[in-house]
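1. this is a predicted model, with the sequence first.
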Amino acid sequence: MNGSISDVVSAADEQKNVLDKIAVFVAAAKAAAVGGITWGEFTQLALDLLRLVVTSLDAVTSMTGAEKKSAALDAVGMLFDALADKAIPVVVWPVWLIVRPAVRTLILAMAGGAVEYILPTVRKA
């Protein structure tokens, strides 16, 4: 019984470590984007975050592949929620408020494809 409890604790530690990395990355990105951000910079941050998350989650044994992909997409969603509004000029805010949900969905769809591309490169390294 002790083996199974220590396995659960170890799995929880692995997942917490990944969550901590995501939180630190998003906080640092928010601090860097205080004065605003371009969509190109946002895209680079999203790809960097995906590489970090995919690399970190690849070592986690307590999650399935689908759970890992979902966690990676959740991380990009957190980044989008934290930064996307800073990439929009004030004059287009009324339009942004209407299209924001669709843009978020599009970003997450593209991130899902990026995960499939990044994973093999992470495993080769």
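-> Sure thing, it's come through.

2. nearest the middle, which residue of this protein would you pick?
-> A75 (2.6 Å; Cα atoms, centre = their mean).

3. so where's the chain shaky on pLDDT?
-> 1-12, 125 (pLDDT under 70).

4. what are the boundaries of the helices in it?
-> 2-32, 39-58, 65-83, 93-124 (DSSP state H).

5. give me every residue that touches the nearest residue to I22 once chain neighbours are set aside.
-> Spatial nearest neighbour of I22, chain neighbours left out: A75 (4.7 Å); criterion: Cβ to Cβ, 6 or more residues apart in numbering. To be clear about C-beta, it is placed using only N, CA and C from the backbone, and glycine gets the same treatment. Going by Cβ atoms under 8 Å, 6 or more residues apart in numbering, A75 touches I22, F25, V26, L49, L50, V53.

6. count the neighbours of E116 for me.
-> Neighbour count for E116, taken as other Cβ atoms under 10 Å: 10.

7. same check on L119?
-> L119: 19 neighbours (other Cβ under 10 Å).

8. against Q15, how distant is it?
-> L119 is 18 Å from Q15, where distance means Cβ to Cβ, to the nearest Å.

9. again with V95
-> Distance check for V95 against Q15: by Cβ to Cβ, it reads 38 Å.

10. neighbour-wise, which of those two wins?
-> Higher neighbour count among V95 and Q15: Q15, with 17 against 10, using other Cβ under 10 Å.

11. next up, the contacts around the closest residue to the more buried one other than its chain neighbours.
-> Among residues not flanking Q15 along the chain, V60 sits closest, at 6.4 Å (Cβ to Cβ, 6+ apart). Neighbour list for V60: A11, E14, Q15, V18, K68 [criterion: Cβ under 8 Å, 6+ apart].

12. distance check, the fourth one against G40.
-> When Cβ to Cβ is the yardstick, V18 and G40 sit 27 Å from each other.
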